[in-house]
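K.L.:
3D model of this:
(one chain, ligands or ions: 2)
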Amino acid sequence: MTAPLLQVDDLHVRFPISGGGLFGTGRRMLHAVNGISFDLAKGECLSIVGESGCGKSTTALSILGLQEPTEGTIRYRGQPLAGLGAPGRMQRAKAVQMVFQDPYASLNPRQSVRTSLAAPLKLHGITAASEIEGRIEAMLKNVGLTPEQAGRYPHEFSGGQRQRIGIARALILEPEIVVLDEPVSALDVSIRAQIINLLLDLQEKLGLSYIMISHDLSVVEHMSDRVLVMFFGEVVEEGGWRQIFETPTHPYTRRLIAAIPDPDTALNPGEALLATDAALPDGRRFVSDGSVAPDVFTRPVPSALTEIAPGHRVRLASTA
Ligand SMILES: Nc1ncnc2c1ncn2[C@@H]1O[C@H](COP(=O)(O)OP(=O)(O)OP(=O)(O)O)[C@@H](O)[C@H]1O
Ligand SMILES: [Mg+2]
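P.N.:
Residues are numbered from 1 along each chain as shown. Ligands and ions are numbered 1, 2, ... in the order given. Prediction:
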């Protein structure tokens, strides 16, 4: 068995919340990510799902090296990011790229597609005009656009085309790992399948490994090898595609599956998910005392992930 490309080991990210405590003097911490671990193998698509605020983007930014973990280690090809010198960081920045949710916000409106795509190449020392042009042409074709479109600006494209540009920009440095943070949630439902199919084609053609982030299980249903279900900073269930979609075990995973829209009737698939005041079967509950962000939670009963089948782990109710 080959070593995982990426290993995330007991990742914690905490943010200070100002003004916490009864008299505004305490210093409470928001546990955005609370001890998550996973491996990503070469060529695999690992999906991370969970509702808004559960820590998906914070996890993504930590993997990209853009958010300092409070605790834990992230290794790329066995090398921890912490302690890497500048050349090592550059190398990793090239190997791990991200596609953002909103392609309009992530593209500079004043830059042509050519300028946007050339920037990362130049940053990484590729300066010959002919090579830059050749790479841009090839990449635009890869994402279903034409080389002639390189001179155009973001507003001249549709939402789906803009996301194709966002994907081109993430792939232009030939990364090994691409973190896709809600890559289709800003798009019309009719366009989503096209972009997902494009991502699948590119994964196969370029041998990419994906971390696919979504609040909506239906989006990842067609592209995951494995799924991590996150709930308020923790993994509550992890398993292969079949284990998650056919034998979901944690009540929260079941709730996400139940919220997958029926293609004939659904209009707003996200709506059914949001019930954060629910008490959980493992004894945790959410605190919303008015003085702090409503998404702070306490954990009176710690519980661990239990392996119920090979590779299928669930955070079961604890009787401790
Ligand atoms: N820089 C920050 N400072 C303080 N709190 C933060 C910061 N970044 C994120 N948070 C908080 O951490 C929690 C997790 O945020 P995160 O963006 O990771 O969630 P998410 O799962 O990506 O949500 P969404 O689906 O809305 O994108 C949220 O409560 C958020 O408000
Ligand atoms: Mg997010």
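K.L.:
Assign a three-state SS to Ile17, would you?
P.N.:
Each residue gets one of three states, and Ile17 gets strand by DSSP: H, G, I helix; E, B strand; the rest coil.
K.L.:
Give me the neighbour count for it.
P.N.:
By other C-beta atoms under 10 Å, the residues close to Ile17 number 16. In short, each C-beta sits where N, CA and C put it, glycine included.
K.L.:
tally of neighbours for the residue in the stretch 201-320 of the chain that ligand 2 sits nearest to?
P.N.:
Residue nearest to ligand 2 within the stretch 201-320 of the chain: Ile213 (6.8 Å; C-beta to the ion). Applying other C-beta under 10 Å, we find 27 residues neighbouring Ile213.
K.L.:
My read is that it contacts Val184, right?
P.N.:
No - the pair Ile213 and Val184 fails to qualify as a contact (C-beta atoms under 8 Å) at a distance of 10.9 Å.
K.L.:
picking that back up, I'd like to check which residues are in contact with the residue of the stretch 201-320 of the chain closest to ligand 2.
P.N.:
Residues counted as contacts of Ile213 (C-beta atoms under 8 Å, 6 or more residues apart in numbering) are Ser47, Ile48, Val49, Lys56, Ser57, Thr59, Ala60, Val179, Leu180, Asp181, Glu182.
K.L.:
could you redo the last one with a cut-off of 10 Å?
P.N.:
46-50, 56-57, 59-60, 98-99, 101, 179-183, 185, 219-220, 228, 230 (C-beta atoms under 10 Å, 6 or more residues apart in numbering).
K.L.:
quick one: it is in a strand?
P.N.:
Yes - secondary structure of Ile213 (three-state DSSP): part of a strand.
K.L.:
Against Glu148, how distant is Met137?
P.N.:
Not Met; residue 137 is Glu. The spacing between Glu137 and Glu148, counted by C-beta to C-beta, to the nearest Å, is 10 Å.
K.L.:
Looking at those two, which is more packed in?
P.N.:
Using other C-beta under 10 Å as the criterion, Glu137 and Glu148 rank with Glu137 on top: 16 against 9.
K.L.:
check contacts around that one.
P.N.:
By C-beta under 10 Å, 6+ apart, Glu137 lies in contact with Arg114, Leu117, Thr146, Pro147, Glu148, Ala150.
K.L.:
swap in Glu174?
P.N.:
Lys94, Ala95, Gln97, Arg135, Met139, Leu206, Gly207, Leu208.
K.L.:
Can you tell me the centre-most residue of the chain?
P.N.:
Ranked by distance to the mean C-alpha position of the chain (C-alpha atoms, centre = their mean), the top residue is Ile213 at 3.3 Å.
K.L.:
which residues does it bridge with?
P.N.:
Counting by DSSP bridges, Ile213 forms beta bridges with Ile48, Asp181.
K.L.:
Just the helices from the stretch 201-320 of the chain, written as ranges.
P.N.:
217-220, 241-246, 251-258 (DSSP state H, counting those that start in this stretch).
K.L.:
Stretch 172-182 - what's its average pLDDT?
P.N.:
The average of the pLDDT scores along stretch 172-182 is 97.
K.L.:
Over to stretch 248-264?
P.N.:
On average, stretch 248-264 scores 82.
K.L.:
hang on, the earlier thing: closest one of the contacts of Glu137 to Ala193?
P.N.:
For these, the closest approach to Ala193 (C-beta to C-beta) belongs to Thr146, at 21.6 Å.
K.L.:
which residue sits closest to the closest one in space, ignoring its chain neighbours?
P.N.:
Using C-beta to C-beta, 6 or more residues apart in numbering and skipping the chain neighbours, the partner closest in space to Thr146 is Leu140 (6.4 Å).
K.L.:
same deal with Gln101?
P.N.:
Nearest non-adjacent residue to Gln101, counting by C-beta to C-beta, 6+ apart: Glu182, 3.9 Å away.
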